[in-house]
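got a sequence here, can you build the structure:
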Amino acid sequence: MRLKNFEIKFTYIFLLMVIINCKNEKKEILSADREAPLGWIYLKMYDDKSFEFISRGMMRDEEIYSGSYELKNDTLHFKYKDIIPKAGSKAIIQNGFVNYINGNYPESVEIKLNKL
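Modelled structure (predicted):
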């Protein structure tokens, strides 16, 4: 009898943990990327207004810049937690691309998923 009560309690606790974890999952609403000379550039934006700008090299080195974003019309304003990448903090969504407009160089990533 004790074992059966333990199994029931364990099942309830397990189901509760699964439900809590499912509620905390953020959904990707925009995904864009491009091949770079020695790797890839990725932009991932989520429904909780967070994002990741990822620069991944061929040798597995990876730089991840993250923070929050705000969308005004077709313009994205990125607020980085720490360092701002050289691509910049402002971009325009145009013709299937996210085009950064205030960085040290013009960066553009092709949109693969857009649920904005």
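
contacts for whichever strand or helix holds I64?
Here I64, judged by DSSP states H and E, is contained in strand 62-72. Here strand 62-72 makes contact (Cβ atoms under 8 Å, 6 or more residues apart in numbering) with 45, 49-56, 76-85, 116. To be clear about C-beta, it is placed using only N, CA and C from the backbone, and glycine gets the same treatment.

and if you look at stretch 109-116?
Counting by Cβ under 8 Å, 6+ apart, 28-34, 41-43, 45, 71, 93, 96-98 sit against stretch 109-116.

from these, which would you call buried?
I29, L30, S31, A32, D33, I41, Y42, L43, M45, I93, V98 (16 or more other Cβ atoms under 10 Å).

so of those, which ones are in helices?
Nothing among those maps onto helices, per DSSP state H.

of all those, which two lie farthest apart?
I29 and I41 (18.5 Å; Cβ to Cβ).

now the end-to-end length of stretch 69-78.
This stretch, stretch 69-78, spans 4 Å end to end (Cα to Cα, to the nearest Å).

same thing with stretch 31-42?
Termini of stretch 31-42 sit 7 Å apart (Cα to Cα).

next one: that stretch to chain centre, how far?
Centre-to-centre, stretch 31-42 and its host chain are 14 Å apart (Cα atoms, centre = their mean, to the nearest Å).

likewise for stretch 98-116?
When C-alpha coordinates are averaged (Cα atoms, centre = their mean), stretch 98-116 and its chain have centres 13 Å apart.

about what we covered before: pick the one among the contacts of stretch 109-116 closest to R60.
Closest to R60, out of all of those and judged by Cβ to Cβ, is Y42, at 14.4 Å.

tell me how many other residues surround A36.
15 (other Cβ atoms under 10 Å).

hang on, it packs against D61?
No. Using Cβ atoms under 8 Å, A36 makes no contact with D61, being 12.0 Å away.

just to revisit the earlier point, which SSE is immediately downstream of the strand holding I64?
Assignment by DSSP H and E places the next element after strand 62-72 at strand 75-80.

residue closest to the middle of the protein?
The chain has K44 as the residue nearest its centroid, 3.2 Å off, counting by Cα atoms, centre = their mean.
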